[in-house]
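S.K.: Task: produce atomic coordinates for the following.
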Amino acid sequence: MNKIYINYDENALKGTLKLLDASPLRMLVTPGMKISIKPNMVLAKPPSEGATTHPEIVEGLICYLKDCGIHNIEIIESAWIGADTWKSYHACGFDRLSAKYDVPLYDLKEDRFHKIRTGKYEIETCRKATDTDFLINIPVLKAHCQTLLTCNMKNLKGCISDREKRRFHTLGLHGPIAYLNQAIKTHFCVVDGICGDLTFEEGGNPVTRNMLLAGQDPLLLDSYCAGLIGFRADEIGYLQVGSDIGIGRLYDENTELIQLNQDHKPLTQHSERGIAARLRNYIQEDQACSACYSALIFALHQADRRTLDKLSDKIDIGQGFRGKEGMFGCGSCTAGHQSYVKGCPPAAVDIIAFLQNIL
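M.R.: So this is what the prediction gives:
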């Protein structure tokens, strides 16, 4: 349980299969199981916008499960309030995926609901999310304007009724989200870190990361992912509540990171736009890996613009700076610089600390 599996690959299908091969998933499932896959189909936008799950990841998972002898597989989701789940499925290509592999799609807005008492909350949950044998959560790693981070734990909001989603907001989100993860058991997680949004869950400011993560503990994964986009775990309320009530454990130095494809991380594709494109003005890039570059973009976004304008030089990043000297650097490739952030790739939260120090 105390492990996080990470793969870097610009080919989401191939990268998913390799990630799952390294993970313990094959030992956790058995033929005859009913397996439900919960992606993030928050609204009808393609995954390239940074808001929704890439269908290639789900395709890789389906192929892997079928190879394990499992054929009772379904995809379950409900879009956010006011959005049409079926339009979201279509916009992301999940209808074609369903037809290709004979895996049914379900809109949980149309499901039967029942209430589960957990702690001080009584939560109206979807039957399909609790009646399954094995729930696999496939969220998008992205920022959120209210909770700062949305990943595994918050993705389960798609497994409650729309009226309950509204009530969660009146209750403050963090407590209900944590207890929802006690009411609904996630058995395995695959995090879509291909190009999550920089600012909030609706997409529009995607940042290419080409990263996939997997594990059994949604709290552990989420607390690690918080650092990747520039937040400490203690800044995310539902992570702290989840830890207090025993949902899982928080990421720390004892967590084992199993990283694949370390020496062949995909290079950044310069596909950023909007806010991310403006932040590029503070960067001097030369053959930067997308995982490292995206961490820097997320960190710069956390800094005040007036603070960034105090930088006396751009921040160097990329393999092209190996063995070279400079002022400010990001990542192990810039170890020859006067000041640099260690890591391959560094986490955005560490880059933020670095920026605070040099400024």
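
S.K.: Just the element for Thr199, please.
M.R.: Assigned by DSSP states H and E, Thr199 belongs to no helix or strand.

S.K.: In contact with it, which residues are there?
M.R.: Neighbouring residues of Thr199 by CB atoms under 8 Å, 6 or more residues apart in numbering: Ala143, Cys145, Asn205, Ile275, His301. C-beta here means a position set from N, CA and C on the backbone, and glycine is covered the same way.

S.K.: Out of these, which is nearest to Glu110?
M.R.: Cys145 (28.2 Å; CB to CB).

S.K.: Verify the contact between the closest one and Asp197 for me.
M.R.: No: the pair Cys145 and Asp197 does not pass the contact test of CB atoms under 8 Å, sitting 10.2 Å apart.

S.K.: quick one, which of those two is more surrounded?
M.R.: Neighbour tally, Cys145 and Asp197, criterion other CB atoms under 10 Å: the higher count belongs to Asp197, 27 against 10.

S.K.: care to break this protein down by domain?
M.R.: For the chain, automatic domain parsing gives the domain ranges 3-263, 274-358.

S.K.: Which of those domains has the lowest mean pLDDT?
M.R.: Lowest mean pLDDT within the domains of the chain: domain 274-358, at a mean of 92.

S.K.: Can you get me the start-to-end distance on that one?
M.R.: 26 Å (CA to CA, to the nearest Å).

S.K.: is it true that Glu74 lies in a helix?
M.R.: No: Glu74: not assigned to a helix; according to DSSP: H, G, I helix; E, B strand; the rest coil it is strand.

S.K.: in this structure, which residue is closest to the centre?
M.R.: Taking CA atoms, centre = their mean, the centroid of the chain lies closest to Leu141, which sits 2.1 Å from it.

S.K.: dump the residue contacts of it.
M.R.: Leu141 makes contact with Cys151, Val191, Asp192, Gly193, Gly196, Arg209, Met211, Leu213, Cys225, Leu228, Ile229 under the criterion CB under 8 Å, 6+ apart.

S.K.: Looking at the residues you listed, which is nearest Ile123?
M.R.: Distance to Ile123 across these (CB to CB) is lowest for Cys151, with 19.4 Å.

S.K.: give the contact list for that closest one.
M.R.: The contact partners of Cys151, by CB under 8 Å, 6+ apart, come to Pro139, Val140, Leu141, Lys142, Val191, Pro218, Leu221, Asp222, Cys225, Ala226.

S.K.: 7 Å - rerun?
M.R.: Pro139, Leu141, Val191, Leu221, Asp222, Cys225 (CB atoms under 7 Å, 6 or more residues apart in numbering).

S.K.: quick one: which helix or strand includes the fifth one?
M.R.: Take DSSP H and E as the rule and Asp222 turns out to sit in helix 218-228.

S.K.: With the third one instead?
M.R.: Using DSSP H and E, Val191 sits in strand 188-193.

S.K.: Go through that strand and flag the buried ones.
M.R.: Phe188, Cys189, Val190, Val191, Asp192, Gly193 (16 or more other CB atoms under 10 Å).

S.K.: State the next helix or strand along the chain beyond the helix or strand where Ala143 lies.
M.R.: Element membership for Ala143, per DSSP H and E: strand 142-144. Moving toward the C-terminus from strand 142-144, the next helix or strand (DSSP H and E) is strand 148-150.

S.K.: So which residues make contact with that following strand?
M.R.: For strand 148-150, contacts defined as CB under 7 Å, 6+ apart pick out Pro139, Lys142, Ala143, His144, Glu201, Asp222, Cys225, Ala226, Ile229, Phe231, Glu235, Ile236.

S.K.: which neighbours does that strand have in its sheet, and in what orientation?
M.R.: Here strand 148-150 has these sheet partners by DSSP bridges: strand 142-144 (antiparallel).
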